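Novice: Have a look at this prediction, sequence included:
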Amino acid sequence: RRAGWQAVTRLRAISVADAVTTAQIRAGRPHR
C-alpha cells in the first residue's frame, strides 16, 4: 500500500509547487 501513499504525496507536492510558482510569477511579473 506504499504506492498509493507515494502517489498522494507526489500529487500534493506538485500541487504546492505549482501554487508557489504561480504566486511567484504573479508577484514577479503581472500578466498585464
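Specialist: In hand now; what should we look at? If you're wondering where the values come from, they're calculated on a predicted model, not measured in any experiment.
Novice: quick one, helices of the chain?
Specialist: Secondary structure of the chain (DSSP state H): helices at 2-28.
Novice: just for it, where's the confidence low?
Specialist: 1, 30-32 (pLDDT under 70).
Novice: Can I get stretch 8-24 in CSV? Just the C-alpha atoms.
Specialist: Provided in CSV are the C-alpha atoms of stretch 8-24 (Å, rounded to 0.1, in the frame of the first residue of the first chain):
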residue,chain,number,x,y,z
VAL,A,8,-0.8,11.2,-2.8
THR,A,9,2.4,12.7,-1.5
ARG,A,10,3.6,13.4,-5.0
LEU,A,11,0.3,14.9,-6.1
ARG,A,12,0.3,17.1,-3.0
ALA,A,13,3.9,18.2,-3.6
ILE,A,14,3.2,19.0,-7.3
SER,A,15,0.1,21.0,-6.3
VAL,A,16,2.0,23.0,-3.7
ALA,A,17,4.9,23.6,-6.0
ASP,A,18,2.5,24.7,-8.8
ALA,A,19,0.8,27.1,-6.4
VAL,A,20,4.1,28.6,-5.3
THR,A,21,5.3,29.0,-8.8
THR,A,22,2.0,30.7,-9.9
ALA,A,23,2.2,33.0,-6.9
GLN,A,24,5.8,33.9,-7.7
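Novice: Give me the buried positions along it.
Specialist: Using 16 or more other C-beta atoms under 10 Å as the test for burial, stretch 8-24 gives no buried residues. No exception for glycine: its C-beta is placed from N, CA and C like everyone else's.
Novice: Run through who's touching it.
Specialist: For stretch 8-24, contacts defined as C-beta atoms under 8 Å, 6 or more residues apart in numbering pick out no residues.
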